[in-house]
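Novice: Sequence and predicted structure below; questions after.
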Amino acid sequence: QGNGLIGSRLRYFIDPVIAGLERSMVMRDAIGASLGTPRTYARVGMIGHSGGGWTTTLAAAVEPRITHSYAVAGSVPFGHRAPGEGVHDWEQWEGIQGLEVDYHDLYLMAAAETTRKARVMFNGGESNFNSHQVNGFAWPLVQIAKSGGYGDFRILVDTDAQEHAITPPHLDFILSEFCA
């Protein structure tokens, strides 16, 4: 794939996403050929929560065909984790270390082209990835995206949410934006 993950165990997370996207493109082309009209996708989106949110962050960073990404409660940059917070899962810590990038980079890579939208979403009071952690990195990162020629990058927080979940406000936002 040329995405820097060759030989990495992170491929176990990313390869199924890429394979699903490839399969979707093959099916799109086959349907277009059978109808005698080429088919295109106006957008390709990916949404994930928790480990799926982490996978969404990484997949959108390395796969530019993902035009809209919505990572919900999936990662926090290393320096912004709560004091005493655990490491979480292997991929959250060890897996990303070999990439020579951090979550700040991955978030911005998901919006590297001006045609892409990347959303990193958090819940206000949940214990894993919460708004207190977001305050330290959100504003500077959004400003970099705005001034650096990136696509539409936003960090969104459902301040009322206490649970580790995709909340109704998050889902309403995702559906209204993606389906617009």
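Specialist: That came through, no problem.

Novice: make it CA atoms for all contacts and neighbour counts henceforth
Specialist: Will do.

Novice: Return the residue spatially closest to the residue nearest the centre of the chain, with its sequence-adjacent residues excluded.
Specialist: Centroid-nearest residue in the chain: residue 57, 2.9 Å away (criterion: CA atoms, centre = their mean). Closest residue in space to residue 57, ignoring its immediate chain neighbours: residue 71 at 6.0 Å, by CA to CA, 6 or more residues apart in numbering.

Novice: And that neighbour, how far from residue 41?
Specialist: From residue 71 over to residue 41 the distance is 21 Å, taken as CA to CA, to the nearest Å.

Novice: Pick out whichever of the two has more residues nearby.
Specialist: residue 71 (28 against 9; other CA atoms under 10 Å).

Novice: any idea of the pLDDT on that one?
Specialist: pLDDT, residue 71: 96.

Novice: the strands in the chain, which residues?
Specialist: Taking DSSP state E as the test, the strands found in the chain are 45-49, 68-72, 117-123, 152-158.

Novice: want to try a markdown table for the ones you listed, with distance to residue 165 as columns?
Specialist: Converted to a markdown table, these look like this (distance: least, CA to CA, whole Å):
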| stretch | distance to residue 165 |
| --- | --- |
| strand 45-49 | 7 |
| strand 68-72 | 8 |
| strand 117-123 | 8 |
| strand 152-158 | 11 |
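
Novice: Which one of those lies nearest to residue 78?
Specialist: Residue 78 lies closest to strand 117-123 among the strands of the chain, at 15.3 Å (CA to CA).
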